[in-house]
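[1] Got a predicted model here, sequence first, then my questions.
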Amino acid sequence: MNALMSISYPLQALLATLMTWFITALGAAVVVFTKRISRTFLDAMLGFGAGVMLASSFWSLLDPGIALADELGQCGWLAAGVGFLCGGGLMMLGDVLMSRFQLEASESQRRSWLLIGSITLHNIPEGLAVGVAFGALSAYAGEAALTAAWMLAVGIGLQNFPEGAAVSLPLRREGMSRGKSFFLGQLSGFVEPVAGVLGALLAVNVQAMLPFLLSLAAGAMIAVVVAELVPESQRSERRNLMTLATMAGFTVMMVLDVALG
């Protein structure tokens with residue numbers, strides 16, 4: 001712990017968020033080491049990813065966003081409501097623009113890019129949250145605060161494993177190669193180191209915006225789940241299995257979020 005105390009807080013934020021990105025890459029790598037994947041399994045993973053996103057939208061984003069807004073003296077429900085609607089509107093706007101300017105893109109390609117965009121957007125406030133936790137150490141230095149910052153990073157990192165798989169496996173389902181599916185899956189988590197360093201450097205200003213950013217990411221995720229992932233997974237002949245996969249993804253993410261705080 002004394003060795004960590006001697007490292008600058010922005011550098012610690014970078015190291016911590018590089019760890020969270022690496023765990024995202026590990027999750028995405030599931031698609032590389034699975035040579036033969038049945039269509040039913042890929043459909044189930046699409047449903048599983050929907051469940052992961054549903055759970056994380058509340059326990060990782062909306063709930064902590066509202067709590068943080070209250071701590072900062074803001075109106076929690078207003079910050080959450082406005083951010084949530086803006087996030088959903090942002091994804092719908094992206095859908096409209098993609099349909100208008102990329103007419104040659106297939107339905108599956110459009111769905112794939114919306115999935116990547118929503119997970120990536122979700123990872124930005126997570127990186128900011130880690131960065132702010134380390135940046136706040138400049139004012140509240142101490143072993144307890146430092147341990148809490150690293151535990152936050154570990155918790156977010158463990159949550160990122162199913163998220164990496166939730167991107168790469170559906171992309172594989174849409175016909176992408178294993179290598180490209182892995183690359184785009186891990187790339188969705190690479191924004192966290194950038195956001196982490198930014199959050200550490202601008203901790204005070206970013207902290208005031210975090211409730212809105214967290215809710216914005218939640219709205220974006222819910223929009224994609226409702227409009228794309230759940231309807232697509234339910235097209236399978238084994239609809240009950242797809243529903244069970246969605247519930248399993250929700251449960252796994254909920255347990256990780258609640259257990260890791």
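    Yes, it's here.

[2] OK, contacts around the closest residue to Asn160 other than its chain neighbours?
    Counting by CB to CB, 6 or more residues apart in numbering, Thr24 is the residue found nearest to Asn160 once chain neighbours are left out, at 4.2 Å. Quick note: C-beta positions are derived from backbone N, CA and C, even for glycine. Residues near Thr24 by CB atoms under 8 Å, 6 or more residues apart in numbering: 123, 157, 160-161, 163-164, 185-186, 188-189, 192.

[3] and if we set it to 6 Å?
    Thr24 makes contact with 160, 164, 186, 189, according to CB atoms under 6 Å, 6 or more residues apart in numbering.

[4] And Gln207, by the same measure?
    Val132.

[5] For it, I want the exact helix or strand it lies within.
    helix 203-224 (DSSP states H and E).

[6] list the buried ones in the helix or strand containing Glu163?
    Using DSSP H and E, Glu163 falls within helix 143-173. For helix 143-173, the neighbour count (16 or more other CB atoms under 10 Å) marks 146, 148-150, 152-173 as buried.

[7] go on, stretch 14-32?
    Result for stretch 14-32 [16+ other CB under 10 Å]: buried residues 14-17, 19-21, 23-32.

[8] And the average pLDDT for that stretch is what?
    Mean pLDDT, computed over stretch 14-32, is 90.

[9] Also stretch 247-261?
    80.

[10] swap in stretch 165-180?
    81.

[11] what sits up against it?
    Counting by CB under 6 Å, 6+ apart, 27-28, 30-32, 42, 45-46, 49, 52, 108, 112, 119, 181-182, 184-185, 188 sit against stretch 165-180.

[12] rerun at 8 Å
    Residues contacting stretch 165-180 (CB under 8 Å, 6+ apart): 27-32, 34-35, 37, 39, 42-43, 45-46, 48-49, 52-53, 108-109, 111-112, 115-116, 119, 181-182, 184-186, 188, 229, 249.

[13] Restricted to helices, list the residues you listed.
    Among those, DSSP state H puts 27-28, 39, 42-43, 45-46, 48-49, 52-53, 108-109, 111-112, 115-116, 119, 181-182, 184-186, 249 in helices.

[14] Now the buried members of the residues you listed.
    By 16+ other CB under 10 Å, the ones in helices among the contacts of stretch 165-180 give 27-28, 42-43, 45-46, 48-49, 52-53, 111-112, 115-116, 119, 181-182, 184-186, 249 as buried.

[15] hmm, back to that, can the contacts of Thr24 go into a markdown table with extra columns for distance to Leu128?
    Output for the contacts of Thr24, formatted as a markdown table (distance: CB to CB, whole Å):
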| residue | distance to Leu128 |
| --- | --- |
| Asn160 | 15 |
| Gly164 | 19 |
| Gln186 | 20 |
| Gly189 | 14 |
